[in-house]
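*Asks:* Show me the folded form of this:
(2 chains)
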Amino acid sequence: MITRRKLVGGLGATAGGLLVTGCDKLNETPDFRETLRLGEALTYRAQRLITDRGALAREFRPDQRSPVFRANGTRMPIGDAYAAHAAANFADWRLQVDGLVARPRAFSMAQLHSMPRRHQITRHDCVEGWSAIGKWTGVPLKLLLDLAGVRQSARYAVFHCADDYGPMNYYESIDLIDALHPQTILAWALNDRPLPIPNGAPLRLRVERMLGYKHAKYVERIELVDSLARFGKGKGGYWEDSNDYEWYAGI
Amino acid sequence: MDQPVPERPLVYRHRLITRIWHWINAVTVFVMLMSGLMIFNAHPRLYWGHYGANLDRAWLSIGATPDQGILSIGDLDIPTTGLLGRWTDSNGTIQTRAFPGWATIPSYYSLSAGRRWHLSFAWVLVIGGLFYWLASFLNRHVQKDLLPKRAELSPRHIWHDIKDHARLRFPTGEAALRYNILQKLAYLGVLFVLLPLIVLTGLTMSPAMDAAWPWLVDLFGGRQSARSIHFIAAMLIALFIVVHLLMVMLAGPFNEVRSMITGRYRLPKARRP
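*Replies:* Numbers count the residues shown, from 1 in each chain, chains lettered A, B, ... in the order given. Next up, the predicted model:
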């Protein structure tokens, strides 16, 4: 016998089931995904509009740091080339800055260490939801970009990394507002020690107003470009290409 | 003309703006809750303070042992096999994600898709909510229908209403046209406490917003605290929905749903003394 309770429960379960399968179907529909992308475009523009472009991320006291700074993603890049660099303590690592710049440059680690440095104790926010606070030391990206002379036509900085993800190496990109921000640095130390390999030795990007996956590790080349179309699938980063994560990761 | 008033007249009860907002939210809030659970599944642990990751102490976590799903709150471990932490998906495969597929969008694990749904529908929730706030102050819905009268706030009156609810003795006749005190408190709580709280704690999880509006982090005592409060507020909204649907079922689903679609509500027959 169909009781009212069973009927209501059954209808509820059916509606719930339809909702879930309906959402999965929608999620696999290209047009719907494009519609959802409008949310990202809106968030990017709204945040750029209502927030001060130079606003600084909070800096913490040394005693507010996480006891252990969690590493995520690549913990040890594969390949002999990186292993050789690691064995030599990254003495021969070079950072290339090129693309739409007036004077393409390559910097040795010794040069980077001798340049003006910035210390910042900041919070690292992973897209997964966790946060860790650590002290970073490194050279402001603006300094390197000014030495290279960014051309008027450049719109993005692309970070090419040494960690191989199979089809391609990791890469990331940010706009010039974030690239020239005073807290955007190429860090070579974490908590007053040389940057550990799991955290991106010898150089990683810190772009403090963005989620963790934007903070490219094992950086070997910074390329200034006017379009992201020719890299990977054109979405501006490894996770953006492979898993449809947002390029704008300020939220 | 002296026509007899029908005993159970059909009366106008819900304004158009209330009805539109209700149905937009009926979709939006479900999407927000379910895509939010997907995002939670990416890191099913909650902390207090500024930081919190796997090696830090969580006040709530959902995990799995080799044969059990476990919800841990403080020092308490609650077995939740079949529901949380360890459950069987629609293909019969055992999964060890926190929330089960039927409760998440999408039903399979995809943090990026969950985020796209969540962060897009958040705009609908916020814009709709702000518009409704404004309209409901201008048309005096808040002042006339939702704000409790002084007498209604007496403990006696509230206790009386709780007893009536517990006995499923709902208001009839003219009284059914007005919100009772528990309804008023519930709607005000959602409209002016939970919704603003969930939007602000959501914004506090944005590193870009934290830089621009540092008071957000101060207000909630840290990004991880904001994440915890966001989750608690979401659970309270889910609880509100459960009670709301239950009340609709008990009060007469046809009449209630009609009134939220057409605005017209048939007055329940007045109880004879």
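
*Asks:* Okay, and the residue nearest the centre of chain B sits in which element?
*Replies:* Nearest to the mean C-alpha position of chain B, counting by CA atoms, centre = their mean, stands B:I237 at 1.9 Å. Taking DSSP states H and E as the definition, one finds B:I237 inside helix B:223-251.

*Asks:* same for that helix, what does it pack against?
*Replies:* helix B:16-42, strand B:45-46, helix B:181-189, helix B:195-204, helix B:215-220 (3 or more CB pairs under 8 Å, 6 or more residues apart in numbering or on different chains; DSSP states H and E). The C-beta positions use only the backbone N, C-alpha and C, and glycine is treated the same way.

*Asks:* neighbours around residue 158, how many?
*Replies:* By default, I'm working from chain A. Residues lying near A:V158 (other CB atoms under 10 Å in any protein chain shown) number 20.

*Asks:* hmm, I had chain B in mind actually
*Replies:* Using other CB under 10 Å, B:I158 is surrounded by 16 other residues.

*Asks:* List the residues that contact the closest residue in space to it that isn't next to it in sequence.
*Replies:* Leaving aside its sequence neighbours, B:I158 sits nearest to B:I181 (CB to CB, 6 or more residues apart in numbering or on different chains; 5.7 Å). By CB atoms under 8 Å, 6 or more residues apart in numbering or on different chains, the residues touching B:I181 are B:P148, B:E152, B:L153, B:H157, B:I158, B:D161.

*Asks:* can you rerun that using 6 Å?
*Replies:* Applying CB atoms under 6 Å, 6 or more residues apart in numbering or on different chains, we find B:I181 in contact with B:P148, B:E152, B:I158, B:D161.

*Asks:* number of nearby residues for the residue nearest to the first one when sequence neighbours are not counted?
*Replies:* Just to be clear, that refers to B:P148. The shortest distance from B:P148 to any non-neighbouring residue, by CB to CB, 6+ apart, is to B:K184 (5.1 Å). By other CB under 10 Å, 19 other residues sit near B:K184.

*Asks:* Check B:K184 and give its pLDDT.
*Replies:* Per-residue confidence (pLDDT) for B:K184: 95.

*Asks:* Kindly report the same for the one 5 residues further on.
*Replies:* In the prediction, the pLDDT value recorded for B:G189 is 97.

*Asks:* just to revisit the earlier point, and A:D98, which of the helices and strands packed on helix B:223-251 is closest to it?
*Replies:* The closest of these to A:D98 is helix B:16-42. By CB to CB, the value is 35.8 Å.

*Asks:* Mind listing what's buried along that closest one?
*Replies:* B:17-19, B:21, B:24-25, B:28-42 (16 or more other CB atoms under 10 Å in any protein chain shown).

*Asks:* which of those come close to chain A?
*Replies:* Contacts with chain A within the buried residues of helix B:16-42, as defined by CB under 6 Å from any CB of the partner chain: B:A42.

*Asks:* picking that back up, pretty sure the residue nearest to B:P148 contacts B:K149?
*Replies:* No - with contacts counted by CB atoms under 6 Å, B:K184 stays clear of B:K149, the gap being 9.3 Å.

*Asks:* which residues do those two both contact?
*Replies:* Between them, B:K184 and B:K149 share no contacting residue, judged by CB under 6 Å, 6+ apart.

*Asks:* Tell me the confidence at whatever residue of the stretch 51-200 of chain B ends up closest to chain A?
*Replies:* Residue of the stretch 51-200 of chain B nearest chain A, by CB to the nearest CB: B:S120 (2.8 Å). Looking at B:S120, its pLDDT stands at 96.

*Asks:* what about it, neighbour count?
*Replies:* Quick note: B:S120 (other CB under 10 Å) scores 20 neighbours.

*Asks:* since we're on A:R45, how many residues are nearby?
*Replies:* A:R45: 11 neighbours (other CB under 10 Å).

*Asks:* can you pull the pLDDT of it?
*Replies:* A:R45 carries a pLDDT value of 94.

*Asks:* Pull up the distance across stretch B:86-104, start to finish.
*Replies:* Stretch B:86-104 has an end-to-end distance of 15 Å (criterion: CA to CA, to the nearest Å).

*Asks:* what's in contact with that stretch?
*Replies:* The contact list for stretch B:86-104 (CB under 6 Å, 6+ apart) reads A:V20, B:M34, B:L37, B:M38, B:N41, B:P44, B:I62, B:A64, B:G69, B:L84, B:S107, B:Y109.

*Asks:* TSV please, covering these and showing distance to B:S228 and pLDDT.
*Replies:* TSV is the format used below for the contacts of stretch B:86-104 (distance: CB to CB, whole Å; pLDDT from 0 to 100):
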residue	distance to B:S228	pLDDT
A:V20	27	70
B:M34	19	97
B:L37	15	98
B:M38	18	98
B:N41	16	98
B:P44	12	98
B:I62	14	98
B:A64	21	93
B:G69	21	97
B:L84	17	97
B:S107	25	94
B:Y109	22	96
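
*Asks:* For the residues you listed, name the two members farthest from one another.
*Replies:* Across those, the longest distance by CB to CB is 21.8 Å; it joins A:V20 and B:A64.

*Asks:* Now the residue in the stretch 1-150 of chain A positioned nearest to chain B. Nearest residue, chain neighbours left out?
*Replies:* Nearest residue of the stretch 1-150 of chain A to chain B (CB to the nearest CB) works out as A:G39 at 2.8 Å. Of all residues not flanking A:G39 in the chain, B:S120 sits nearest, at 2.8 Å (CB to CB, 6+ apart).

*Asks:* can you check B:V126 too?
*Replies:* For B:V126, ignoring the flanking residues on the chain, the nearest one in space by CB to CB, 6+ apart is B:V199 at 5.8 Å.

*Asks:* Correct me if wrong, but B:D145 is in a helix.
*Replies:* Yes - using DSSP: H, G, I helix; E, B strand; the rest coil, the assignment for B:D145 is a helix.

*Asks:* what about it, neighbour count?
*Replies:* 18.

*Asks:* For B:R258, see how far away the closest residue to it other than its chain neighbours is.
*Replies:* Here the nearest residue to B:D145 in space, its sequence neighbours aside, is B:Y179; by CB to CB, 6+ apart that works out to 6.1 Å. Look at B:Y179 and B:R258: by CB to CB, to the nearest Å, they are 18 Å apart.
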